[in-house]
Every structure is written in structure tokens, then in C-alpha cells.
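A.B. asks: Test case, fold it:
(one chain, ligands or ions: 1)
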Amino acid sequence: MAGGLCFRDITALAPMVRVGTLPMRLLALDYGADIVYCEELIDIKMVQCERVVNEELDTVDFVAPDERVMFRTCERERDRVVFQMGTADPDRALAVARLVEKDVAAIDVNMGCPKEYSTKGGMGAALLSDPDKIEAILTKLVQGLTKPVTCKIRILPSIQDTVSLVRRIEKTGVAAIAVHGRMREERPKHPLHCDFIRAVSGAVDVPVIANGGSLDMVKSFEDVEVFRSATGASGVMLARAAMWNPSVFRRQGLLPVQQVMEDYLRYAVRYDNHAFNTKYCLCQMLRDKVESVMGKRVQTAQTLADICAAYGMQAFYEEVQLLLLSRRERRPPETPITQGGVTTMALRFHRREYPPEITPKMFLLEWSRKEKLEQPHYHTVDRPQDRLFQSTVTVDNKQYRSTLWEKSKKGAEQAAAVVCLRVLHLPEGRLGEEDSGLVGKRKRAAATLLNGSTAAAAAAPQEEQEEEQEANKKIHLSDREAETEVTTGNHHKPHTP
Ligand SMILES: Cc1cc2nc3c(=O)[nH]c(=O)nc-3n(C[C@H](O)[C@H](O)[C@H](O)COP(=O)(O)O)c2cc1C
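C.D. replies: Alright, predicted model coming up:
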């Protein structure tokens, strides 16, 4: 039997696709949540991920083959975060759980998602009609892990059937069961069946966590106890109430949303959260103000720097960038490897590391001119399965390439240029680098004029920004839509992808 996290008398941030990423989880913990669930992550995608210690951010990242960070976590939440997965396969579930086990406090299986993408693969709410499968998955996890295993279900059409299912689940040895008091076909606006949750809570010894009360029962922390006692549950799990204002977990009462959004943004910047994900969460907090002047600025922002500018937090953004840069520079340099005449390093081109108008390609070109060499020649290939790019640059008859694939052709060329400049120990124009005088004063002057936190983003050549947007679109098209709750809820649907 696994020890660790206690699920009695707790408040929890519910699993929420897109919303439950690292900044939101840390904020919920700061405000007083005892346990935080991550967004549901699908086993097929997670099983391909590699665990990477990110020394710059001080995080552990689970990175997909296309370099996307699927799950980012950190020490602060290690004893409080529950990793939720979507699965219909006991072996794959165990493989994923083992991959993340030492970085999280517990593993949860989602058995409540009613969306077709989930149910047609036999996952989510489809599991509710296959109790043998539920038993097989949970037993495998409980027996194969040292951390607690939990699950989150919806209720069945009758109290009796729901109680029987929960009793069967309890026998697998799970540490808690979260019960969303709605049936599979019911939408978030439908009334909650507190009586079902109460019956289940009374029928089993394992802690039951009540869920589904955001719309009509829980507006602030004092309502949490009302909801708990109405359901007789051990704990309470909040989704939408926390998504709209995570300070709902604060015993002292709600904070103004503006302050909460700023607190959220600080974490988003600190942990380099994806700009589109950050926007999405902020738009949920803005709710009916999403069409205000401020809301529109957030919606049109393309980078974290833009978002910070909308909140007047440029200084904070720059401070964090400098801190991250100094951490990066303290790291031992990457070692180049030469094979088959090509020198490679695992380096990425980060636009934000360079002043506006300045790029490594530009530095390489200027240096080649100065040395009277032929202009650098870039040869770029794309990988059809994930539409990523890799470029090889030829300089002075030698070839250089980054082993990391980029989302755009331009990004791949810049990365190749960075490799070449690093190998040759040449200046590349990064922020904080001593002025080498390699690139003309005119360009640099233009760059300084554009100072301010939005500078790097604003100055990214139009073409590059468009490519970045295109790449982001690609990412979000492949993202699963959030559960039905997101789009059919009683709140404003943000105009974000
Ligand atoms: C944006 C959003 C995303 C969600 N994603 C998940 C998810 O990944 N896994 C899950 O089990 N439930 C998910 N849900 C459902 C919630 O966890 C919760 O069961 C539901 O919203 C009812 O709780 P509430 O009344 O507190 O909102 C999601 C809900 C929302 C609003």
C-alpha cells in the first residue's frame, strides 16, 4: 500500500486541460489549495516523452519527440501535484506512471471526460461502462507504483450503480476517488446531484472528493465547507471557480482578479509558460472583461513580453530574462561533436535572447565578410511527420548544424548559425554580450531605440513572427479541445485558439 499524500479534509485544484499547467498549480498552492491536479495528459503522448532536468528554469520537463514540453513540474509542488492521465490500457498507464512517479505526489486516472476524442479511444467516461477495464488499470497501477493512485469519475444513472462501481474501485486499493456529481450526458449547467456524492461518501472508507459545485455552490472559500457538508465528502475539488479566480482557495477571502492575474503572470514568466496557454488562462479570469481594451490587448499578444506589457509588467519581464540568461551562462558550455564533416551541438535559437534587429545569422554574415569568406550557405530540410526544420550552414567549407529541430525554417537557420558562432568562439550579438563592433552601429542604434520589454518580440521580423504564429496554430490544432465544460459552461468563451 502506497504512503504519502493524504486525501482527507483537503481542497484540490481540479484537473483542467490547458488551465492546469504549472503557473496555475503554483498559484493555487500559494492561495491555499492542499492538492493540485495537472491537466489530463494522454498516455500515448506521454509514453514517448523524455524526462529532462531543466537547470535554467529549475524544473523537470517531460518533452515529446517534437520538443514540446508536455508536462513541466518543479520542487515546490512535488509533494502536492497529482498527475492525471487519460488511458484505456493498463500496461501503457503503468509505463507513463513510472516515467513521472518520482516527480509527482500521486497518479490519477480520468474516468469522467465525456468528449468524443477521449471516449472513442475507450478512455475517460467510456471507462465507466467497462468496470473490468477500470479494475485492470487501477490494480496494475496500485501494484506497480510506490505513490498513491486515485481516479476521477462521473456518476452513473442510478445511485445504486454508482455506489457499486465505487465499492469495486475501492477494492483496487486507490487512495481517493473524486466524484463529479453529474452523469456522462449532463453538461456543467445541469444541476449537481449532491445526493449521489453523499451516498457514495457514506458507502466507502476511501476518501471521496466532491466535485461539480463551482457554478451554483462555491463562490469563495467559505462556500467550500457548505459544499463539503452537503455531499458528506472528505474533500472538495474545484475546477471552474478556481479557473475564474484561483484565490477561491484563500481562507481570508477572494482577492481582486487584477491582482490574481498579475500573480499568475509572474509565475508564467518565471517558468517560461507558453504564451498562448498563458493568454488562455488570463482570458478565463477576465471573463466578461475579455472584450475590454485590456482584454483585447491580452488577446492580440503573441509573446509573454507582449502580455506583460498589457499588464504594465515590462520591468518584471526583463528582470526574469536577465536572471535566466545569467543562469544559462553559468552552465558548462555544450560540447560540439564532429561526425561526417558536420559539427553539431544541441542548441536552440531563442529570439528573446537577442536585441531587436540583431540575429546570429547577421553576425555570421558580417564575420564572413570581414574574413573575406564566401557568404554562409544554409541548407534546410523539413521532417514531414511533425513539420519541424533543421538547417546546416556551410562556412569556410565546414558544416555546422543544431541537433534540435525548430518550428520554422528561419529558426532552424538561426540555430545553425548559433552553432557555428559558438564553435568558432565568435560574438553572436546576444543581450548582455560585450559589443564586438561586428554588426554596424546603425543596426544596434535602431535596436536600442526600440528598448522596453516588448522590444525583442516587436522587433522580430514580421516574417518570423508570422512563422511563429503559424507554428503555434499547428500546436493548438493538434491540441485536444478542453472538456465540454470549457465550451458549454456558463461563462464567457475566450477568443483564444
Ligand atoms: C477548462 C476545463 C478543462 C477540464 N479538463 C479536465 C481534465 O483534464 N480532466 C478532468 O478529469 N476533468 C476536466 N474538466 C472537468 C473538471 O475537472 C470538473 O470535473 C468540472 O468542471 C466540474 O467541476 P466544477 O463545477 O468545479 O467546474 C475540465 C473542466 C474545465 C472547465
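A.B. asks: Quick check: residue 161 vs residue 131, distance?
C.D. replies: Relative to residue 131, residue 161 is positioned 10 Å away (C-beta to C-beta, to the nearest Å). Glycine gets a C-beta too; all of them are placed from N, C-alpha and C.
A.B. asks: Check residue 55 too.
C.D. replies: 45 Å.
A.B. asks: who's more crowded, these two?
C.D. replies: The neighbour comparison of residue 55 against residue 131 (other C-beta atoms under 10 Å) goes to residue 131, with 14 against 11.
A.B. asks: For the more buried one, give me the pLDDT.
C.D. replies: Note for residue 131: predicted pLDDT of 96.
A.B. asks: Same question for stretch 373-380: list its buried residues.
C.D. replies: Within stretch 373-380, the residues that count as buried by 16 or more other C-beta atoms under 10 Å are 376, 378, 380.
A.B. asks: Could you check which helix or strand contains residue 26?
C.D. replies: helix 22-31 (DSSP states H and E).
A.B. asks: show me the contacts for residue 13.
C.D. replies: 20, 24-25, 28, 33, 35-37, 237-239, 242, 246, 249 (C-beta atoms under 8 Å, 6 or more residues apart in numbering).
A.B. asks: at 7 Å what do you get?
C.D. replies: 20, 25, 28, 33, 36-37, 238, 242 (C-beta atoms under 7 Å, 6 or more residues apart in numbering).
A.B. asks: now do residue 24
C.D. replies: The neighbours of residue 24, taking C-beta under 7 Å, 6+ apart as the test, are 246, 264, 281.
A.B. asks: Same check on residue 297?
C.D. replies: Contacts for residue 297 (C-beta under 7 Å, 6+ apart) come out as residue 310.
A.B. asks: Is it in a helix, a strand, or coil?
C.D. replies: Following DSSP: H, G, I helix; E, B strand; the rest coil, we place residue 297 in the helix state.
A.B. asks: that older thread, got a winner among the contacts of residue 24 for most neighbours?
C.D. replies: Within the contacts of residue 24, neighbour counts (other C-beta under 10 Å) peak at residue 246, which reaches 32 neighbours.
A.B. asks: so where's the stretch 51-200 of the chain shaky on pLDDT?
C.D. replies: Within the stretch 51-200 of the chain, no stretch has pLDDT under 70.
A.B. asks: How about the residues of it by the ligand?
C.D. replies: Counting by C-beta under 6 Å from any ligand atom, the residues of the stretch 51-200 of the chain close to the ligand are 84, 110, 112-113, 152, 180, 188.
A.B. asks: Give me the buried positions along stretch 165-173.
C.D. replies: 165-166, 169-170, 172-173.
A.B. asks: Take the residues you listed and lay them out in TSV including secondary structure.
C.D. replies: Below are the buried residues of stretch 165-173 laid out as TSV (three-state DSSP):
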residue	secondary structure
165	helix
166	helix
169	helix
170	helix
172	coil
173	coil
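A.B. asks: out of those residues, which one sits closest to the ligand?
C.D. replies: Of all the buried residues of stretch 165-173, the ligand sits closest to residue 169, with 14.9 Å by C-beta to the nearest ligand atom.
A.B. asks: Go through the contacts of residue 24 and name the one nearest the ligand.
C.D. replies: Ranked by distance to the ligand (C-beta to the nearest ligand atom), these are led by residue 281 at 9.5 Å.
A.B. asks: hang on, isn't that closest one packed against residue 264?
C.D. replies: Yes: in this structure, residue 281 is within contact of residue 264 by C-beta atoms under 7 Å, at 6.5 Å.
A.B. asks: When you filter the contacts of residue 13 down to buried only, what's left?
C.D. replies: With burial judged by 16+ other C-beta under 10 Å, the buried subset of the contacts of residue 13 is 20, 25, 28, 33, 36-37, 238, 242.
A.B. asks: Residue 220 versus residue 251, what's the distance?
C.D. replies: Residue 251 is 10 Å from residue 220, by C-beta to C-beta.
A.B. asks: Between the two, which has more neighbouring residues?
C.D. replies: Comparing residue 251 with residue 220 by other C-beta under 10 Å, the one with more neighbours is residue 220, at 15 against 11.
A.B. asks: Quick check, the more buried one in contact with residue 255.
C.D. replies: No: between residue 220 and residue 255 there is no contact under C-beta under 7 Å: 10.4 Å.
A.B. asks: Enumerate every residue touching the residue nearest to residue 217 when sequence neighbours are not counted.
C.D. replies: Closest residue to residue 217 apart from its sequence neighbours, by C-beta to C-beta, 6 or more residues apart in numbering: residue 227 at 4.7 Å. With contact set as C-beta under 7 Å, 6+ apart, residue 227 has these partners: 210, 213, 217-218, 236.
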